[in-house]
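[1] here's a sequence, model it:
(2 chains)
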Amino acid sequence: GESVGLHLPTLSVQEGDNSIINCAYSNSASDYFIWYKQESGKGPQFIIDIRSNMDKRQGQRVTVLLNKTVKHLSLQIAATQPGDSAVYFCAEVFSGGGADGLTFGKGTHLIIQP
Amino acid sequence: GAVVSQHPSRVICKSGTSVKIECRSLDFQATTMFWYRQFPKKSLMLMATSNEGSKATYEQGVEKDKFLINHASLTLSTLTVTSAHPEDSSFYICSARDFRGSYNEQFFGPGTRLTVL
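    Numbering: from 1, shown residues only, chains lettered A, B, ... in the order given. Reported below is the predicted structural model:
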């Protein structure tokens, strides 16, 4: 299940099941969104991205859904594997803001149970 | 392709000393590099944007005299934490953008763990 508290929210799923990680973004004018995977002690790794003029994009075993009405982004991982265990962050970019560094969401710790 | 390295990967220093962290794009030219900071079990926070040949742009609340950034070439940016104190202990991560690449696509380095005693 999913729990939210003082630490990173944690989502625990059984190996082979599908997982859905959610993210609420802050800027309704953001025009580009990215999901990153971060393993302990490492830098973020690009998973998939989506532009604001799209509502769905699929990759290999991953799908990103964008709902601009409620400023919500989700990452679906199909048939989870032990190697999927990591912290997942969404990030947004507003290209009209001048500086285009990424604004990261809070992150979700995904744990794959054997 | 699109590999970004950081050096050192870990550094421990005494309070009051300065520490330099290097960020290199190994197989592409990065006109823009970004520096992020990450506390344990927290998200990444953008500190500054570094453009080659010009002054860095710092985010609100980040002291430019404390965190000196130099982007002297298209493959190297450095972050110097001056007069480091224990509260500066953190995971520092850089990213680089290939100007030929996808819009806003950033490649991240492996991070540098700074511990100030």
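
[2] now residue A:55: phi and psi?
    Dihedral angles phi and psi of residue A:55 (degrees, to the nearest 10) take the values phi -120, psi -10.

[3] run through the residues of chain B sitting next to chain A.
    Within reach of chain A by C-beta under 8 Å from any C-beta of the partner chain, chain B has these residues: B:4, B:6, B:34, B:36, B:41-46, B:49, B:57, B:59, B:93, B:95, B:102-111, B:113. Every C-beta, even on glycine, is put in place using the N, C-alpha and C of the backbone.

[4] those residues in strands, which ones?
    B:4, B:6, B:34, B:36, B:44-46, B:49, B:57, B:93, B:95, B:106-108, B:113 (DSSP state E).

[5] now, of those residues, which are buried?
    B:4, B:6, B:34, B:36, B:44-46, B:49, B:57, B:93, B:95, B:106-108 (16 or more other C-beta atoms under 10 Å in any protein chain shown).

[6] sorry, back to before: check pLDDT for the ones in strands among the residues of chain B next to chain A and point me to the minimum.
    The weakest per-residue confidence within those falls on residue B:106 (85).

[7] hey, what's that one bridged with?
    Under DSSP bridges, the beta-bridge partners of residue B:106 are residue B:97.

[8] pLDDT below threshold where in chain A?
    A:1-7, A:96-99 (pLDDT under 70).

[9] ranges for the helices of it?
    Assigned by DSSP state H, the helices in chain A number zero.

[10] which ones are touching residue A:66?
    By C-beta atoms under 8 Å, 6 or more residues apart in numbering or on different chains, the residues touching residue A:66 are A:33, A:50, A:52, A:54-56, A:72-73.

[11] now a PyMOL select for only the buried ones of those residues.
    In PyMOL, this line selects whichever of these come out buried by 16+ other C-beta under 10 Å:
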select buried, chain A and resi 33+50+52+73
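
[12] next, count neighbours for residue B:42.
    15 (other C-beta atoms under 10 Å in any protein chain shown).

[13] ok, and the closest non-adjacent residue to residue 92?
    Defaulting to chain A. residue A:30 (3.9 Å; C-beta to C-beta, 6 or more residues apart in numbering or on different chains).

[14] that's the wrong chain, I meant chain B
    Residue B:92's closest residue in space is residue B:112 (C-beta to C-beta, 6+ apart), at 4.8 Å.

[15] so that neighbour sits right up against residue B:11, yeah?
    Yes. With contact defined as C-beta atoms under 8 Å, residue B:112 and residue B:11 form a contacting pair (6.6 Å).
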